[in-house]
Each structure stands twice: as C-alpha cells, then as structure tokens.
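Peer 1: predicted model and sequence below, questions to follow.
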Amino acid sequence: MIRTTDGGWPQRLRRWFGDTNEVDIDEFVVPVKRINAMESSWRALDDNALDEAVGDLRRQAKAGSPPDEWTQEVFAAVRELARRTIGLRPFDEQIAAGLALTSGAVVEMPTGEGKTLAAVAPVAAAALAGGGVHVLTFNDYLARRDAAWMGPIYGALGLSVGVVQEDTAVADRQLAYDCDITYLTAKEAGFDCLRSFLCLEPERLLRRGAEVALVDEADSILIDEARIPLVIAGAIEGEESTARQAAIVVRQLREGIDFDTDEYGHNIFFTETGSTRVEVLLGCGNLYNSDNLGLLADLRNAIHALCLVERDRDYIVREGRVELVDDFTGRVAENRQWPDGLQAAIEAKESLELRDEGSILGSITMHHFLRTYPRLCGMTATATPSAEELRDFYDLRVVSVPPHRPCVRVDHDDVVFTHRDAKWMGLVDEISRVRETGRPVLVGTASVAESEELAAMLEEAGVPGRVLNAKNDELEAGIIAEAGAPGAVTISTNMAGRGTDIKLGGADERERDRVVELGGLYVIGTNRHESLRIDRQLRGRAGRQGDPGSSRFFISLEDPLIGRYGVEKLIGARALPKRQNDPVDSPLLGYEIARAQRIMEGEAFDIRRRLWEFSAVVESQRTALQERRQRVLSGEERPDFLQRCRPERWREVVDLLDRERADEIERWLTLVVTDRCWSDHLAELARVRDGIHVVSYVGKDPASEFCREAAVAYSDLQETIEEEILAVFDDLEIGPTGVDWEALSLVGPSSTWTYQVSDTPFGGNTMRGLANRTGAAAIGAAAAAPFLFVWGLVLHWKRRRLKAEMAKRDDA
Ligand code: ADP
Ligand code: MG
C-alpha cells in the first residue's frame with residue numbers, strides 16, 4: 001500500500017518553485033514515491049525482522065555497493081525506525097528534503113517543519129557508507145539536544161553518535177570523533193581542525209576528518225560567520241600572556257554557578273564547578289597547584305575585571321588604552337594604573353594590546369574550514385535570498401521545500417515613525433494592547449541592550465515581559481519555547497533561541513485552541529536588519545506548521561539602518577515627513593527603506609567577496625604547506641633536508657644514534673619548524689594586509705597587490721624553513737640516547753587557546769559593520785602541549801645562536 005500524506009505535495013512543490021527550479025521537482029518526486037512504496041513492507045516487519053533487515057542494509061553498504069542502490073532503502077528504514085523509536089513519521093516533505101541533502105544542496109524549509117528529523121536519513125546514509133559525518137549545529141545546546149533526540153534512530157541502525165561541546169575534554173573528544181556521526185558546532189569543529197594541524201604524532205590526532213558535513217542553520221554559518229577567522233594561539237614566553245587567556249576563559253563562566261562574589265562585591269571565589277570548568281578549559285591540571293599560582297591570580301583578576309569593574313564608570317578606553325576614572329571626581333586620572341595584574345586583565349577584557357599576547361599558531365576562516373569537507377550540505381529556513389552567494393562560494397545549490405501544511409501567516413507592512421521615541425511609544429502601546437487580549441507576542445530586537453531598554457519601558461507600562469539576555473542557550477531555549485503561551489511577551493534579539501520550536505499555547509496543549517482563536521503568535525520586529533534574510537528568519541517564528549500568526553516591523557527614520565544612508569538622500573528633503581508621534585502613512589517611504597536594505601545587502605556581499613579574495617590567497621598557501629606537513633606527520637613522506645646538512649654533522653649524528661632515531665629527529669624538526677615559520681608568515685601577512693589599503697591611493701588594487709606580496713613572502717617562507725631546520729639541527733645537542741629534550745629545562749605553558757576575530761583588511765571605515773567582535777572561546781589543548789614545548793626549544797636555539805653570533809662579533 002502506498003501511503004502518501006495528502007498526495008498533493010508534488011503540485012504544491014511545483015507551485016512553490018515556480019518555473020525556475022522545475023528540474024528539482026522531477027528530481028525528487030519519483031524517489032519519494034519509491035520510498036513511499038517501500039513503507040508498507042518495512043511497517044509489516046516485527047522488531048526482530050526489522051533488526052535483521054537493517055543488518056542486511058548495513059552489510060550491503062559496508063560491502064561497498066554503490067550508494068544509489070541502497071540509499072532509498074535507508075530512507076524507508078529510517079521512516080519506520082523513527083516512527084517506532086521517537087514516535088515521529090517523517091512526512092513526504094521531510095523525505096524530499098533529505099534526498100536534497102543527500103544530493104549535496106542547501107535545503108530551505110520553513111521554521112518548525114522538522115529539519116532535525118529530515119536530516120536523519122541523509123546523515124545515516126552517509127554514515128553507513130563510511131567516512132564519518134559531522135552534523136554542525138548552531139550552538140552547543142542544539143548539538144546536545146539533537147544528538148539525544150535523534151539518537152534512538154541512529155542506534156536502531158547500529159550507528160554510533162558522539163557529541164562535542166566547548167568544554168569536552170581531549171580524551172572524550174577523540175571518542176566523539178571516532179563515532180559514525182558527531183554532533184557539534186561548526187566553531188568547535190573548526191578549532192579542532194586547527195589543533196590537528198599542530199599535531200606532532202599521528203596517534204594524538206584529535207579529530208578524524210569526516211567525509212560529510214551537514215550544516216544546520218546553514219545561512220548563519222555559511223554566510224554570516226563565513227568571513228570570521230578561527231584562530232589558535234599559544235604562549236611560549238612571558239608570564240603576562242596568561243592574562244588574555246584568563247580573560248577569554250572567564251567570559252565563559254557563570255556568576256553564581258562557577259564563581260561567587262562576596263556580599264560587598266569585593267572578593268571572588270571559585271565554586272567546585274567553576275574550578276573544574278577552568279581546569280578543563282585551560283587543561284592546566286589542578287588549579288590550586290603551586291605551579292598555577294600565577295594563573296590563578298590572573299583568573300581572579302580577569303573575573304574582577306569582568307564583573308566588578310565597569311567600563312565608562314570605573315575606566316574608559318581611549319586610543320587603545322585603559323584609563324582610570326577617579327571615584328571622587330568622576331574624571332580620568334592621568335598616569336594612574338590599577339594594582340598588579342588587574343590592569344593587564346582589563347586590557348585583556350577590552351581586547352586591547354597587551355605587552356605579550358602570545359603568537360598566532362594557525363588560523364582559518366569558517367568558509368575555508370567548511371570547504372575542507374569533501375561533501376557539504378545544509379539546511380535553514382532562509383536560503384533563497386542568499387542562493388547566489390551559496391553557489392559562488394560553496395558550489396551549493398538551494399532546494400526549496402514547501403511546508404507540509406500551507407503557511408497562513410500574515411506579514412503586515414512596516415509601521416514607520418519619524419523618530420525613535422515615537423517608535424518606542426508605538427511599540428509599547430501595541431504590545432500592551434495585544435497582550436490584554438491574551439495573544440502571545442514575540443519581539444525581535446537588534447541587541448541585548450535594546451531588549452533590556454524595551455523591557456524596562458514595558459515594565460513601566462505594567463506589561464511584564466521575559467528578556468533573553470544571551471547568557472545561556474539552554475535557558476533561552478526554555479523561555480522561547482514558551483513564547484506561544486497565552487499572554488506571553490517575550491523579548492529577544494533576532495538570533496536568540498534559534499532552533500527552538502515555538503508551540504502555540506506553550507507546554508500546555510489545552511491552551512492551543514485559545515491562542516489559535518486569538519490569531520496565533522504575533523511577531524514584532526523593532527528594526528529592519530541589514531539583511532532581508534534575518535528579517536525573514538524573525539517573521540518565520542510565527543505560523544509554524546500551518547498555524548495562524550502574523551508579523552510586523554516597527555521602524556523609525558532614526559534607526560541605524562536608515563540613518564546610515566540618510567533618508568533625505570534617498571527621498572529628498574522636501575518629501576521628508578514632519579516629526580510626528582503617529583506613524584507616517586507613505587508608501588514611498590516604505591519603498592525607499594526596502595531599497596536602502598537592498599543596497600546594504602549588496603554592499604555586505606561585496607565586502608564578503610573582497611575578504612574572500614584576501615583569505616583565499618592565504619588559504620591556498622596553508623593548504624599546500626599543510627598537505628606536505630601531514631605527509632611528513634603520517635610518515636608518507638620523508639623530509640630529506642639532512643642530506644643537505646654538513647656531512648660531518650650527519651655522520652656524527654648517525655654514529656651516535658641509529659638511523660631510525662636520526663630520522664625521528666628529522667621528522668620532528670620538520671614539523672615544529674614548519675609550524676613556527678608558518679606562524680611568523682601569518683604575522684607577516686597580517687602586517688602586509690593591514691597596510692595594503694594605502695596602495696589604492698596610487699590607483700592600485702589592494703587585493704592584487706596583496707596577492708603579489710603574499711606570493712613573494714611564501715617563496716621566502718619555503719627557503720626559511722629549510723635554513724631554519726638545518727641551523728637548528730646543526731646546533732642540537734645529541735647524546736647517545738638521542739636528544740635529551742628534558743635536560744634543556746625550558747618549558748612553555750602547557751596550553752593553547754582559540755578565539756575568533758573580526759577581519760578588517762581595509763581598516764574600520766570601509767569595513768563598517770564588520771568591526772563587532774565575536775565571542776571568544778578557549779580550551780586547553782593537551783594535544784598541542786608537546787608542540788609548544790618543542791617550539792620553546794626552537795626559540796631557545798634561536799636565541800642562543802643570536803647570542804653566539806653577537807659574542808663572535810664582540811670578540812672580533
Ligand atoms: P525546524 O528545525 O525545521 O525548525 P524542528 O526540527 O525543531 O524544526 O521540529 C519542529 C517540530 O516539529 C518539533 O516539535 C517536532 O517534534 C515536530 N515534528 C518534526 N517532524 C515531525 C513529523 N514528521 N511529525 C510530527 N511532528 C514532527
Ligand atoms: Mg532547527
């Protein structure tokens with residue numbers, strides 16, 4: 001028996017696609033029908049027979065028969081297993097979406113349609129084929145949630161599922177990566193990729209590369225985050241450097257859970273949870289060990305700087321420096337510093353330059369990282385507005401899948417005010433009015449600060465609302481899930497709670513009908529975003545799965561988006577409406593605002609393209625160097641530099657050691673020196689890039705100038721690596737048992753840390769809008785510790801050589 005949900009989806013699909021994507025329809029209609037046809041036979045199996053049938057499928061996949069032969073069968077199996085294990089039977093639309101994912105597309109499917117479940121069949125099929133699958137989620141909470149939610153289906157297929165979180169310890173990370181399927185954020189996957197680039201022993205490789213990456217909330221990760229470089233840095237010398245590390249770590253701690261302050265707010269104590277968390281994040285062993293005293297002090301300073309000292313109250317930041325504000329006068333005190341490490345901690349908190357900030361060991365943009373996966377696919381509620389970009393940057397096409405039930409949400413025109421205060425008044429009036437009826441309201445703002453401002457105003461008007469403050473994803477998910485409850489007023493930034501389903505009526509299903517009668521969820525946006533896609537994402541919060549709902553934006557001519565363009569310029573000063581408290585009724589204005597948004601979008605796209613040109617150069621160099629390094633690491637390639645060293649030196653070494661150990665030294669030196677020189681190269685390129693915009697004054701193109709300079713630097717790099725290896729080898733003290741690494745009592749700090757930075761090659765002005773720093777993340781990477789140790793040695797030799805040379809010069 002063929003079970004189709006309503007038989008009508010191909011027609012709706014056709015309607016949805018219009019004429020442009022007609023190919024896609026033909027592509028998925030037939031396979032979905034075939035999968036539907038298999039359903040009854042899977043349904044008829046009892047549990048034992050089902051297990052056996054799954055076993056047959058596994059064997060077929062393992063035997064290496066072409067995926068085309070068994071993929072549809074996997075989809076049919078997943079449909080039945082999903083029904084039996086988690087009680088959800090994937091709809092035809094979800095099957096179609098899954099097939100599109102398998103074909104390597106970005107699937108657009110409205111919010112609440114069940115993308116999490118739709119992803120299971122393609123992920124399972126890819127995992128059965130072998131090679132590993134990474135499901136890249138929007139945040140740690142969703143990685144946890146989705147792995148646990150979908151886990152039973154994978155389990156029934158005999159597939160193992162692992163989860164990596166920001167604070168997952170190294171050993172557990174390795175286990176999670178060894179699973180058939182790993183759920184984690186794109187950021188964590190990227191950082192681990194950087195860590196693995198620094199690995200010195202094949203068996204310590206943190207991360208098995210996966211064949212396939214499926215990116216959830218794909219627009220946010222593939223486009224919005226694409227340009228942001230992921231960075232891994234390490235400190236080898238200088239004690240101050242832990243200040244920055246500490247600042248990064250404490251940003252991830254939670255007051256009241258990880259640490260407490262005393263009643264006067266003068267002192268800080270770590271809780272049990274807190275010290276364990278710090279130990280995991282820094283990989284520093286017992287925090288209260290005597291070796292960690294300095295680190296502990298820095299951590300305390302960092303929390304102090306973060307929680308007890310306030311910018312613009314206690315100090316200001318001017319010209320890249322922290323300047324103290326005098327308690328009594330409220331003015332800046334010249335030449336005054338905070339005691340001990342607090343100054344450094346505050347500099348670190350403000351991301352200002354410290355005297356020693358460690359060195360960048362490696363970096364990769366999200367875009368290039370994602371392209372390291374042999375196969376990439378993604379899903380999101382909003383992809384079509386970015387279809388061109390996805391095609392250009394990732395070779396991904398967009399497949400739009402219609403909702404299971406038609407969307408009946410009403411998207412109202414914008415309400416436009418002349419000035420900010422009028423807009424706020426209008427918002428408060430509207431929210432109070434709607435709340436009185438009991439209809440739930442979800443307000444999307446541009447920032448946490450704006451959310452809090454609005455909440456305060458509503459409070460004053462007697463309308464209590466819940467604010468999402470971007471402090472904890474799991475708590476936020478809990479709040480946003482209840483945004484559909486009767487009378488709920490929820491205020492959040494656009495991105496908050498992404499991935500969480502908003503059910504009408506909230507958790508209490510009996511309330512659903514009442515909310516439906518009131519018109520469903522009412523979404524209000526307080527700003528137009530620079531990107532139309534983000535606005536659509538917000539609207540999509542209402543009207544899930546055919547629910548009623550509506551959306552509306554309240555904007556003012558003083559909003560940043562409009563202000564930036566100067567409305568006068570767009571519509572002419574004479575057409576500008578007079579300042580008034582009531583909304584303006586002018587279709588022309590609405591049209592011009594939409595135009596401003598389109599211009600902004602185009603500009604942002606251009607900026608991303610420029611940035612991509614820059615990073616592509618560095619990336620191709622990194623890939624080339626990295627490929628060679630990985631071959632040396634795995635033993636596939638023998639570095640042959642020692643043939644070029646002084647023959648007597650080589651004989652000396654081989655006499656002392658056997659050939660095998662001599663080779664081992666050669667391999668280690670190659671890896672370490674390559675990494676060290678690459679790090680220097682990155683610093684050099686950063687310097688070039690930061691200064692390159694000046695060439696535009698003489699009519700040259702910065703990007704092509706940069707390419708030229710980078711190419712020169714790269715060929716220098718190859719030479720430097722050779723020279724350096726030979727020099728270090730020449731100088732190396734080798735005893736009968738090999739290099740006595742321990743005897744050279746030089747130990748670098750045992751950790752590296754990772755963070756994201758904003759990328760602004762042309763300087764702040766042209767790159768406007770890119771300047772906002774993204775949250776930093778840190779973790780102790782025990783895997784990189786030996787690397788730093790040896791790197792410390794390399795530096796040591798360098799210094800010694802320098803000293804020796806200077807001594808020679810002095811003698812002469
Ligand atoms: P999306 O990621 O597309 O926004 P989710 O995966 O979070 O959506 O799922 C939204 C809701 O839809 C969840 O509550 C889920 O239980 C429900 N759902 C998903 N698939 C089905 C299905 N086939 N039948 C019934 N409910 C489903
Ligand atoms: Mg989702």
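Peer 2: Here it is on my side, so go on. Ligands and ions are numbered 1, 2, ... in the order given.
Peer 1: residues of the stretch 451-600 of the chain that sit close to ligand 1?
Peer 2: Residues of the stretch 451-600 of the chain lying near ligand 1 by C-beta under 6 Å from any ligand atom: D501. Every residue, glycine included, has its C-beta placed from N, CA and C.
Peer 1: how about the strands in the stretch 451-600 of the chain?
Peer 2: 466-467, 489-493, 521-525, 549-556 (DSSP state E, counting those that start in this stretch).
Peer 1: make CSV out of those strands and add distance to ligand 2, mean pLDDT and mean neighbour count.
Peer 2: Formatted as CSV, these follow (distance: least, C-beta to the ion, whole Å; pLDDT from 0 to 100; neighbours: other C-beta atoms under 10 Å):
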stretch, distance to ligand 2, mean pLDDT, mean neighbour count
strand 466-467, 21, 90, 18
strand 489-493, 16, 90, 25
strand 521-525, 17, 96, 25
strand 549-556, 18, 95, 22
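Peer 1: now render these as CSV, adding distance to Q165.
Peer 2: Supplementary listing: the strands of the stretch 451-600 of the chain in CSV, determined by distance: least, C-beta to C-beta, whole Å:
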stretch, distance to Q165
strand 466-467, 25
strand 489-493, 23
strand 521-525, 31
strand 549-556, 33
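Peer 1: out of these, which is closest to W612?
Peer 2: W612 sits nearest to strand 489-493 of all the strands of the stretch 451-600 of the chain, at 26.7 Å, using C-beta to C-beta.
Peer 1: so which residues on the stretch 701-812 of the chain come close to ligand 1?
Peer 2: Within reach of ligand 1 by C-beta under 6 Å from any ligand atom, the stretch 701-812 of the chain has no residues at all.
Peer 1: which residues in the stretch 251-400 of the chain form helices?
Peer 2: Secondary structure of the stretch 251-400 of the chain, counting by DSSP state H, counting those that start in this stretch: helices at 272-282, 293-303, 342-349, 366-370, 387-394.
Peer 1: run a quick neighbour tally on A129.
Peer 2: Using other C-beta atoms under 10 Å, A129 has 19 other residues around it.
Peer 1: thinking again about what came up before, tell me the most buried of the helices of the stretch 251-400 of the chain?
Peer 2: helix 342-349 (a mean of 25; mean count of other C-beta atoms under 10 Å).
Peer 1: so which elements touch it?
Peer 2: helix 242-250, helix 293-303, strand 321-324 (3 or more C-beta pairs under 8 Å, 6 or more residues apart in numbering; DSSP states H and E).
Peer 1: could I get those as a markdown table with distance to E452?
Peer 2: Listed next are the helices and strands packed on helix 342-349 as a markdown table, based on distance: least, C-beta to C-beta, whole Å:
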| stretch | distance to E452 |
| --- | --- |
| helix 242-250 | 22 |
| helix 293-303 | 22 |
| strand 321-324 | 25 |
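Peer 1: those: which one's closest to S634?
Peer 2: Nearest of the helices and strands packed on helix 342-349 to S634, taken as C-beta to C-beta: helix 242-250 at 31.0 Å.
Peer 1: could I have the CA atoms of the closest one written out in PDB?
Peer 2: Output of helix 242-250 as PDB, limited to C-alpha atoms (Å, rounded to 0.1, in the frame of the first residue of the first chain):
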ATOM      1  CA  THR A 242      48.000  34.300  30.700                       C
ATOM      2  CA  ALA A 243      46.100  37.500  31.300                       C
ATOM      3  CA  ARG A 244      44.500  37.300  27.900                       C
ATOM      4  CA  GLN A 245      43.900  33.600  28.300                       C
ATOM      5  CA  ALA A 246      42.300  34.200  31.600                       C
ATOM      6  CA  ALA A 247      40.100  36.900  30.200                       C
ATOM      7  CA  ILE A 248      38.900  34.600  27.500                       C
ATOM      8  CA  VAL A 249      38.200  31.800  29.900                       C
ATOM      9  CA  VAL A 250      36.300  33.800  32.400                       C
END
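Peer 1: angle of it against helix 293-303?
Peer 2: For helix 242-250 against helix 293-303, the angle between stretch directions is 60 degrees (axes from the mean of the first three to the mean of the last three C-alpha atoms, to 10 degrees).
Peer 1: am I right that V443 is in a strand?
Peer 2: Yes. V443: assigned to a strand according to DSSP: H, G, I helix; E, B strand; the rest coil.
Peer 1: now the helices of the stretch 251-400 of the chain as CSV including mean pLDDT and distance to E93?
Peer 2: As requested, those are exported to CSV (pLDDT from 0 to 100; distance: least, C-beta to C-beta, whole Å):
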stretch, mean pLDDT, distance to E93
helix 272-282, 85, 41
helix 293-303, 79, 49
helix 342-349, 80, 48
helix 366-370, 90, 26
helix 387-394, 91, 19
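Peer 1: could those go into TSV alongside distance to ligand 1?
Peer 2: TSV is the format used below for the helices of the stretch 251-400 of the chain (distance: least, C-beta to the nearest ligand atom, whole Å):
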stretch	distance to ligand 1
helix 272-282	29
helix 293-303	36
helix 342-349	36
helix 366-370	20
helix 387-394	18
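Peer 1: okay, those in CSV with distance to R631 next?
Peer 2: Output for the helices of the stretch 251-400 of the chain, formatted as CSV (distance: least, C-beta to C-beta, whole Å):
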stretch, distance to R631
helix 272-282, 32
helix 293-303, 37
helix 342-349, 38
helix 366-370, 20
helix 387-394, 27
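Peer 1: so E279 sits against G285, correct?
Peer 2: Yes. Counting by C-beta atoms under 8 Å, G285 is a contact partner of E279 at 6.8 Å.
Peer 1: now do the shared contacts for these two.
Peer 2: Contact criterion C-beta atoms under 8 Å, 6 or more residues apart in numbering; residues shared by E279 and G285: none found.
Peer 1: quick one: end-to-end length of stretch 401-418, please.
Peer 2: Criterion C-alpha to C-alpha, to the nearest Å; first-to-last residue distance in stretch 401-418 is 39 Å.
Peer 1: again, but for stretch 509-522
Peer 2: End to end - C-alpha to C-alpha - stretch 509-522 spans 19 Å.
Peer 1: touching that stretch from outside, list them.
Peer 2: Residues contacting stretch 509-522 (C-beta under 8 Å, 6+ apart): 409, 434, 437-442, 483-486, 502-505, 541-543, 547-552.
Peer 1: which of these count as buried?
Peer 2: 409, 434, 439-442, 483-486, 502-505, 541-543, 547-552 (16 or more other C-beta atoms under 10 Å).
Peer 1: please flag which of those sit within helices.
Peer 2: V434 (DSSP state H).
Peer 1: tell me where the model's unsure across the stretch 401-550 of the chain.
Peer 2: Residue ranges of the stretch 401-550 of the chain with pLDDT under 70: 469-471.
Peer 1: all strands of the stretch 1-150 of the chain, in order?
Peer 2: Under DSSP E, counting those that start in this stretch, the stretch 1-150 of the chain gives strands at 105-108, 133-137.
Peer 1: compare these and report which one is nearest to ligand 2.
Peer 2: Ranking those by proximity to ligand 2 (C-beta to the ion) places strand 133-137 first, at 8.6 Å.
Peer 1: just checking, what packs against that closest one?
Peer 2: helix 120-128, helix 140-156, strand 181-185, helix 186-197, strand 212-216.
Peer 1: turn these into a markdown table, including mean pLDDT, mean neighbour count and distance to R659.
Peer 2: Shown next, in a markdown table, are those (pLDDT from 0 to 100; neighbours: other C-beta atoms under 10 Å; distance: least, C-beta to C-beta, whole Å):
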| stretch | mean pLDDT | mean neighbour count | distance to R659 |
| --- | --- | --- | --- |
| helix 120-128 | 97 | 27 | 43 |
| helix 140-156 | 96 | 20 | 47 |
| strand 181-185 | 96 | 27 | 40 |
| helix 186-197 | 88 | 24 | 29 |
| strand 212-216 | 97 | 25 | 42 |
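Peer 1: any chance of those in TSV, plus distance to R676?
Peer 2: Formatted as TSV, these follow (distance: least, C-beta to C-beta, whole Å):
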stretch	distance to R676
helix 120-128	37
helix 140-156	32
strand 181-185	29
helix 186-197	13
strand 212-216	30
